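# predicted model and sequence below, questions to follow.
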Number of protein chains: 4
Amino acid sequence: MSKAAPDLQTVVTEIAEEMAQRPDRGEVATYIPELAGVDPNQFALVVVDADGNIAAGGDADVPFSIQSISKVFTLTLALGMVGDRLWKHVGREPSGNPFNSIVQLERERGVPRNPFINAGAIAVTDVILSGHQPREAIGEILRFMQFLSGDNSIVIDETVAASEKRTGFRNTALANYMKSFGVINNPVDFTLGVYFHHCAIAMSCRQLAMATRFLAYSGRNPSTGLSVVSSERARRINALMLMCGHYDGSGEFAYRVGLPGKSGVGGGIIAVAPGKASIAVWAPGLDHHGNSHLGRIALEELTRRLGWSIFGT
Amino acid sequence: MSKAAPDLQTVVTEIAEEMAQRPDRGEVATYIPELAGVDPNQFALVVVDADGNIAAGGDADVPFSIQSISKVFTLTLALGMVGDRLWKHVGREPSGNPFNSIVQLERERGVPRNPFINAGAIAVTDVILSGHQPREAIGEILRFMQFLSGDNSIVIDETVAASEKRTGFRNTALANYMKSFGVINNPVDFTLGVYFHHCAIAMSCRQLAMATRFLAYSGRNPSTGLSVVSSERARRINALMLMCGHYDGSGEFAYRVGLPGKSGVGGGIIAVAPGKASIAVWAPGLDHHGNSHLGRIALEELTRRLGWSIFGT
Amino acid sequence: MSKAAPDLQTVVTEIAEEMAQRPDRGEVATYIPELAGVDPNQFALVVVDADGNIAAGGDADVPFSIQSISKVFTLTLALGMVGDRLWKHVGREPSGNPFNSIVQLERERGVPRNPFINAGAIAVTDVILSGHQPREAIGEILRFMQFLSGDNSIVIDETVAASEKRTGFRNTALANYMKSFGVINNPVDFTLGVYFHHCAIAMSCRQLAMATRFLAYSGRNPSTGLSVVSSERARRINALMLMCGHYDGSGEFAYRVGLPGKSGVGGGIIAVAPGKASIAVWAPGLDHHGNSHLGRIALEELTRRLGWSIFGT
Amino acid sequence: MSKAAPDLQTVVTEIAEEMAQRPDRGEVATYIPELAGVDPNQFALVVVDADGNIAAGGDADVPFSIQSISKVFTLTLALGMVGDRLWKHVGREPSGNPFNSIVQLERERGVPRNPFINAGAIAVTDVILSGHQPREAIGEILRFMQFLSGDNSIVIDETVAASEKRTGFRNTALANYMKSFGVINNPVDFTLGVYFHHCAIAMSCRQLAMATRFLAYSGRNPSTGLSVVSSERARRINALMLMCGHYDGSGEFAYRVGLPGKSGVGGGIIAVAPGKASIAVWAPGLDHHGNSHLGRIALEELTRRLGWSIFGT
């Protein structure tokens, strides 16, 4: 960050205040009671820079359901386990369809387009599960999140996981459909059990921004120096987030925000300014693509004011 | 570029030599004789940095048919003419389908997903044409290319344009289909006439790399200081190139190369390393998505060796 | 018809009177002025039995635009010209899509599902045209209609044909799309010219019911004894009408009416009760599938009262 | 049947002998071991006329897995239970897609196109199940088959049912997908349990031809005089069979055979010549649409020789 740049905490505070006052808050997800009951007036924004400085605004320490944001971390785990063999189970192209579409699966013989649509994330979860008990796989994913954020207090919201399981007919359809093509190897109930649990991890923006750091710094945590993935893999995960991180709103996010990012239906978004910062934002209300309405707007403001777009200053 | 970086001309020369020797050259486009007859053993790579230094390798001054690369420049022109009203005619999302697919058009009432699939580029051309004669619009596009590259010798290959017109049944279908939804305003023949002509512009990699400079430098030509578009618009065009510039191979390009880019079926690709360089590469043989096979590989090598990926070092 | 059957003319008169009084008249097609201006209160029903008895009700001698009804006769002509080789150009399955859908064409490489969707009828027209001038082909189709109905006064409404040509962007899209796959052999403008003209033939219900007789009687006109097609071909054309004659409302028509039939957007429908009668009905208002609203209801009443369903008494 | 008609038993015997000798036997279904092990050289043809005369050829008393043929009878049962309210759960149009396609479901919010594709039959089964235990519903369906065929020895092949359950991932996907739209009301496992069981009913051609009689005679068994459904309902079920009874080979079946019919992946087909006969044929080898290869050819021969096509003589 050059000297002329505005002070990071000031920008974050300003944006958090602006967002708190906006009347347009989107629509909270309603498919499970646990999400439907979240107060849409909450907002949080946390930015962690290369030196480990943390700029936080709003409800930065309130945990929320990370939902699909978990897909970035399960992708990272699965790549660590099987490397590029993962791409036999899932593609790397934008789907051009909503997050839970099954149409593309029929045309492409059960192989999901990318790891961030539901079908793709289920296929990735199936790879992580291989040869383990669901309980072990869930534990591994949770410990990975705790390790990345440096915070062992992170837990899974079992009520959310149970609700997802009870109502997840569409995901059950996707998993069985892939299974019919041999893309899923474990029992469908096992794979979905793990999937529903990692989506039900509860984290705050502070924890998420910390957990995302390795993607901003060539695969390493710049404070500890510990390498999580190779620099090439970090770049590629970032590329996938940019292309596919917001379902059929990915183009809009790239166009307006200009950072790799991943949203969850709980209203969270993580984003990466390579070499500069890792970011987490939370506003529970969603737009019609299922992405956080104010979360996206806040990130657009942030990159605009700080000149952080990867597409130029 | 920091001092530790390898010398740009050295890298370019190395890559050009490596590409010249590779036996896998892809398949030259065959749908018109003018493209089918191009020698697949040609290769060119030109990089222009912020200071105007030009690193060139291979057949850097051989003109080729830029084809869909022209879509970046017609998009720029159309945005200059009508601003954000353009987005009533065309979307900004990846299509998830091949370049000439008509399926998405039926579902979305004739509005193409983005300006870089054929249907979208035809819709953009229609906007440029509005209120002009085809000849005038063609002239304007050509002059824009000459202006951007600082080279008045650039011409349209009329033989290519005539061949496209003679065999362009699928594009004629797309244009009529959009017209049936009111998305195309001019007579279809006029719009397609302009479209076929701007796709038939012949340029060398040197000319293309020069013409692309404004996208690398916040919308301005850093040598002349002349502003072509606002910095915000330059970023957004780059975002569109990254998301949609390589049809249903866009994810692969982002994943491997990590730069915004746009390919043409003539074997050319332009790419942008924001703040660092504008790039043009040419290798006539295509992969199965219709993108230059060795062009993509050369760019992957270039960004890898120079650390230019927008997704991190 | 057994002695217990109600008198045919009585049934026809009753139905015509009932239909005249119904307030639900559907929506007249509006895409060309000539159709939009038709009075929706008109209604006609004509039934010709095996002995040549004609039962007529309503506006039985008012000519209207037969539109897609012509597809039955061009199919008959094309089969006469090239026999089963026709099926290389067009399929024989229901499409499950609206009449002007282009989606299926993309998936099946330009070969339309059946001869009664627009794309299929254009492909059939292209076969008829082969080796002739458009004017000759149009003349041949018109003379065939005159021959079948025994009425040389039948003409083409050139105003309708010209309107169709002026506004037929979607059909132009379909034709060019098929041409891009090599399914259309003649110049697209020629084929479409013939297509628009045969759709613009104007006939009354009386003329249409007469022209349809050969399909009800094993391919022969029972009055003249002249054979138009073989009995097997007549059966097969009837089968195609039942499966595909009402676009994505074909199932509904079979379910409710139980006769092979073909509708046109001008509000006409022809139907065949094999061995018993040929039928034409006309009511200009359409349902949401583009089929005559009251025409279908009148046919449902007719078959119900006379026990003519091919699916049982 | 007029006196000039060939003797029914003679025709059946001839066709059975011809079919026995043909080398082209199609491919036996392989997705479960119980079907994969069936001898493809078997063949049976049974025709029952209005007077109850039975003409049988080949392996007429060998039971086989009726599979999707059961869908005709569950449709009949469900219509008897809820009448036209059934059509809120399932449509009446040909799908234009293979039997197990999920694409159409996404576009039409979980409502299957017709009762004879897998999704539609599962929705029908769900209606039958409503308010009952799976065991009761299975018993009711089985007793209905026994009643219709007048043969209490008919049983369910539990091994087949268990195999289907073990491997039915695609049907599980379809059911869960519909459940996600609220189209399925019972627990998915219950509905599928009933579905897999009625598909696993084992019957001979003799039993099937008897069970189908009511559809040929206005809803009544002509020997007992007992009415199963109203004449209108019988006609409508026949119409549905004609339109949708052979998946995306329905057009071909109507075109060649000209009778309403329903096939099963076990190689059986039932067909109806209204007022004349009910028919069952069995040849285990399938064509590429999943319909019995020789079964269809045998029926084509039968209707040709006897002049039974509903589309004319």
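That came through, no problem. Residues are numbered from 1 along each chain as shown, chains lettered A, B, ... in the order given.

# walk me through the domains of chain A.
A:8-62+A:204-306, A:68-201 (automatic domain parsing).

# nearest residue to whichever residue of the stretch 101-250 of chain A sits closest to chain C in space, ignoring adjacent ones along the chain?
Nearest residue of the stretch 101-250 of chain A to chain C: A:Arg107, at 8.5 Å (CB to the nearest CB). (Glycine included, C-beta is placed from N, CA and C.) Closest residue in space to A:Arg107, ignoring its immediate chain neighbours: D:Val103 at 7.9 Å, by CB to CB, 6 or more residues apart in numbering or on different chains.

# got it, and A:His89?
Spatially, and ignoring its direct neighbours in sequence, A:His89 is nearest to A:Ala123 (4.6 Å; CB to CB, 6+ apart).

# rewinding a little: measure the residue nearest to A:Arg107 to D:Arg92 for me?
Using CB to CB, to the nearest Å, we find D:Val103 at a distance of 19 Å from D:Arg92.

# which parts of the stretch 201-313 of chain A are helices?
Ranges of helices within the stretch 201-313 of chain A are A:205-211, A:213-216, A:231-244, A:250-256, A:293-306, based on DSSP state H, counting those that start in this stretch.

# contacting residues around A:Phe227?
Actually, residue A:227 is Ser rather than Phe. Neighbouring residues of A:Ser227 by CB atoms under 8 Å, 6 or more residues apart in numbering or on different chains: A:Phe214, A:Gly219, A:Arg220.

# from those, which single one is nearest chain B?
Among the contacts of A:Ser227, and counting by CB to the nearest CB, the member closest to chain B is A:Gly219, at 8.1 Å.

# phi, psi of the closest one?
phi 90, psi 0 (degrees, to the nearest 10).

# that one against A:Val228, yeah?
Yes: here A:Gly219 reaches A:Val228: they are 5.6 Å apart, a contact under CB atoms under 8 Å.

# which neighbours do those two share?
Joint contacts of A:Gly219 and A:Val228 (CB under 8 Å, 6+ apart) are A:Ala234.

# how much space between the closest residue to A:Arg304 other than its chain neighbours and A:Thr303?
Sequence neighbours aside, B:Glu232 is the residue nearest to A:Arg304 in space, at 8.0 Å (criterion: CB to CB, 6+ apart). Going from B:Glu232 to A:Thr303 by CB to CB gives 11 Å.

# ditto for A:Ala121
According to CB to CB, A:Ala121 stands 26 Å off from A:Thr303.

# neighbour count: these two, which is higher?
More crowded of A:Ala121 and A:Thr303, by other CB atoms under 10 Å in any protein chain shown: A:Ala121, with 27 against 21.

# after whatever helix or strand the more buried one lives in, next one along is what?
For A:Ala121, the host element (DSSP states H and E) is helix A:118-129. Later in the chain than helix A:118-129, the nearest helix or strand by DSSP H and E is helix A:134-149.

# so what strands line up beside the helix or strand just after that next one?
Per DSSP H and E, the first helix or strand lying C-terminal to helix A:134-149 is strand A:155-156. When pairing is defined by DSSP bridges, strand A:155-156 lines up against strand A:201-203 (antiparallel).

# list the helices and strands the helix or strand of chain A at the bottom of the mean pLDDT ranking packs on?
Across the helices and strands of chain A, mean pLDDT, DSSP states H and E gives its lowest value to helix A:103-107, namely a mean of 80. Contacts defined by 3 or more CB pairs under 8 Å, 6 or more residues apart in numbering or on different chains; DSSP states H and E place helix A:103-107 against helix A:169-180, helix D:103-107.

# report the buried residues of the last one.
Meaning helix D:103-107. Within helix D:103-107, the residues scored as buried using 16 or more other CB atoms under 10 Å in any protein chain shown are D:Val103, D:Gln104, D:Leu105, D:Glu106.

# do the same with stretch A:31-45
A:Ile32, A:Glu34, A:Leu35, A:Val38, A:Pro40, A:Gln42, A:Phe43, A:Ala44, A:Leu45.

# in strands, which of the residues you listed fall?
Counting by DSSP state E, the buried residues of stretch A:31-45 place A:Ala44, A:Leu45 in strands.

# and stretch A:124-134, how far out from the chain middle?
Distance of stretch A:124-134 from the chain centroid (CA atoms, centre = their mean, to the nearest Å) equals 19 Å.

# what do you get for stretch A:112-124?
That offset, for stretch A:112-124, works out to 13 Å (CA atoms, centre = their mean).

# and the helices and strands packed on helix A:103-107, which is most packed in?
helix A:169-180 (a mean of 25; mean count of other CB atoms under 10 Å in any protein chain shown).

# show me what it is packed up against.
Counting contacts by 3+ CB pairs under 8 Å, 6+ apart, helix A:169-180 packs against helix A:103-107, helix A:118-129, helix A:188-199, helix D:169-180.

# ok, 7 Å please
Helices and strands in packing contact with helix A:169-180 are listed as helix A:118-129, helix A:188-199, helix D:169-180; criterion 3 or more CB pairs under 7 Å, 6 or more residues apart in numbering or on different chains; DSSP states H and E.
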